[in-house]
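Mind folding the following:
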Amino acid sequence: MNQQVNLVTLGVEDLEVSRRFYSHGLGWTPLLDMKEIVFYQIGSGLALALFPLADFGTDTGHPATAGTPFTLAQNLDSPAEVDKAVQRARAAGATVLKEPQRAAFGGYHGYFADPDGHRWEVCHNPGWSVADDGTVTLAAVDAPDGED
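Numbering: from 1, shown residues only. Have a look, this model is predicted:
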């Protein structure tokens, strides 16, 4: 099996609410928007799908519940962009879980949850870079004074 992910699918309680949140609230452009599912291109060869939770459970053959024990993350170019992203998410109806602030890893970040409780981290990590071919480089960044 290749070491890659091409599609992340989030089970959502109300597809219309989630569609409004991502498309109108966050300003994302759908790759494919159908009555029963919506897809967004979120990276090179990577898409995010929103799929009704009940249908998700049926499709996988196992009951599904809202919310997730993982975090989706987006690295931005500056702390100011992190602030803007959290404010836009809040205005779109997100629950801000952690206001933007200096992070223990030396960058700057905040957390919010979408209408279904899916957790997003938006951060500025100066140690994160992506080459033209899509290869990620992650380097340690000095932590703020007094933190490890």
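
Contacts made by the longest helix along the chain with the rest, please.
When the chain is parsed with DSSP state H, its longest helix is helix 79-91. Residues outside helix 79-91 that contact it (Cβ atoms under 8 Å, 6 or more residues apart in numbering): 25-27, 74, 76, 96, 99-100, 108-110, 112, 114, 120, 122-124. In short, each C-beta sits where N, CA and C put it, glycine included.

Now the buried members of those residues.
Buried members of the contacts of helix 79-91, counted by 16 or more other Cβ atoms under 10 Å: 25-26, 76, 100, 108-110, 112, 114, 120, 122-124.

on that earlier part again, quick check: buried residues in the longest helix of the chain?
With the criterion 16+ other Cβ under 10 Å, helix 79-91 contains buried residues Pro79, Glu81, Val82, Asp83, Ala85, Val86, Ala89.

now swap in stretch 44-64 and tell me
Neighbour-count burial for stretch 44-64 [16+ other Cβ under 10 Å]: Ala47, Leu48, Ala49, Leu50, Phe51, Pro52, Leu53, Phe56.

which one of these sits closest to Ala139?
Leu48 (26.6 Å; Cβ to Cβ).

Report the beta-bridge partner residues of the closest one.
Val8, Tyr40 (DSSP bridges).

Sort out for me which of the contacts of helix 79-91 are in strands.
Mapping the contacts of helix 79-91 onto strands (DSSP state E) picks out Gln74, Val96, Glu99, Pro100, Tyr108, His109, Gly110, Phe112, Trp120, Val122, Cys123, His124.

With distance to Thr60 added, can I get these in a markdown table?
A markdown table is the format used below for these (distance: Cβ to Cβ, whole Å):
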| residue | distance to Thr60 |
| --- | --- |
| Gln74 | 26 |
| Val96 | 30 |
| Glu99 | 35 |
| Pro100 | 35 |
| Tyr108 | 36 |
| His109 | 31 |
| Gly110 | 31 |
| Phe112 | 26 |
| Trp120 | 23 |
| Val122 | 28 |
| Cys123 | 30 |
| His124 | 35 |
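
All set, thanks.
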